[in-house]
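A.B. asks: Turn this into a structure:
(2 chains)
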Amino acid sequence: MTIQTTETEARRAWMGLLAKAAPARLDALLGEVGDLPDFTWLRRPEAGGVMVRGRMGGTGQPFNLGEMTVTRCALQIAGGAVGHAYVQGRDKRHAEQAALVDALMQTERAGDLRRTVLDRLAAERAARAEGRAAKAAATRVDFFTMVRGED
Amino acid sequence: MQTEALTGGFANPPVEASRGFRAALNALARPGTIETVAGAEAPAPVSTAAAVLLLTLCDAETPLYLAPGHDGQAVRDWIAFHIGAPIADAGEAMFALGTWEALQPLAPYRAGTSEYPDRSVTLIVEMETLEQKGARLTGPGIREAAHLSLPEIAAFQANRAAFPLGRDFYFCAGDRLAGLPRSTMVEAG
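C.D. replies: Now for the predicted structure:
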């Protein structure tokens, strides 16, 4: 059970990373991997809308934040591994490549893909988030009460 | 989840779903005609024609009832991946799938209300064979009379008597399907 949960968590992490990656960047990184296997479609890429829901403060009643466009697909590579992808936007090639990485991550090429694609995507994403946080932090204003005039 | 649950959907959904829908429309509009469909493969015992009907007509907003014999984990997984239809009891279902015997009795299925006769069930009946002989059909969409190998007569006469309420039927055998709307009058052939 624990092993399965850990596997699910890990898969969730890389699927999330692929879903939010920039399509062009993923394409470039996959180009470096080279030698991608043949696959058959289980579900061809299709674009649709999903309702994104949130909870105020993470604990309140769920509310509808808004709709977003997603593209999903499922494929099976030679060897039997099945890859699924739900990615942001309407880029069908992005969905195909994300599903391909998802499938390959379940094979013995996982380590290779993690080094070439996933780790670099994660690092770039972290750097982007940090850059944005730093930019926001530079303009932060703190309010202090210097004198309250009570004594 | 088994691979069987993930395969067997339409290879080209817009085109094949349109063809399936056309066949479904024709079958109901001209009771007694037999349409041939292709493109879907569901786990046994679901026939090709029934799989096409499910893929074409059902989605996440149409509760589906699986009669005993068709209610198995393989079929449920296939429906979950390809269609997403919620599995419901006979009383809440908008579609029902099974053999004629397994679908009995018909009473619990919704037949619509006087205000909304359309809120009724469509039964997808799996048959061994489907032939243009047997029960005599007359009514809208039929020039003089048509014949169809129905599993029984009385149930469809009772269904017609409740018009405009009632239930609609599809009969599937292999890759062939025929329709019987509530407007058709059925007599012993």
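
A.B. asks: quick one, phi psi at residue A:87?
C.D. replies: Main-chain dihedrals, residue A:87, degrees, to the nearest 10: phi -120, psi 160.

A.B. asks: which residues does it bridge with?
C.D. replies: residue A:71 (DSSP bridges).

A.B. asks: List the contacts of it.
C.D. replies: Under the criterion of Cβ atoms under 8 Å, 6 or more residues apart in numbering or on different chains, the neighbours of residue A:87 are A:18, A:19, A:23, A:70, A:71, A:72, A:94, A:95, A:98. Any C-beta I mention is one placed from the backbone N, CA and C, and that applies to glycine too.

A.B. asks: That one and residue B:177, how far apart?
C.D. replies: Distance of residue A:87 to residue B:177, computed by Cβ to Cβ, to the nearest Å: 36 Å.

A.B. asks: ok, and the closest non-adjacent residue to residue B:69?
C.D. replies: Beyond its immediate neighbours in the sequence, the residue positioned closest to residue B:69 (Cβ to Cβ, 6 or more residues apart in numbering or on different chains) is residue B:102, lying 4.7 Å away.

A.B. asks: what about the one you found, distance to chain A?
C.D. replies: Between residue B:102 and chain A the computed distance is 29 Å (Cβ to the nearest Cβ, to the nearest Å).

A.B. asks: Okay, and that residue sits in which element?
C.D. replies: Secondary-structure assignment from DSSP states H and E places residue B:102 in helix B:100-103.

A.B. asks: Quick one: name the residues of chain A near chain B.
C.D. replies: Residues of chain A that fall close to chain B, judged by Cβ under 8 Å from any Cβ of the partner chain: A:41, A:42, A:43, A:44, A:46, A:74, A:76, A:80, A:82.

A.B. asks: hang on, the third one is in a helix, isn't it?
C.D. replies: Same thing as residue A:43. No: counting by DSSP: H, G, I helix; E, B strand; the rest coil, residue A:43 is located in no helix; its state is strand.

A.B. asks: That one contacts residue A:82, doesn't it?
C.D. replies: No: counting by Cβ atoms under 8 Å, residue A:43 stays clear of residue A:82, with 10.4 Å between them.

A.B. asks: Cheers, nothing more for now.
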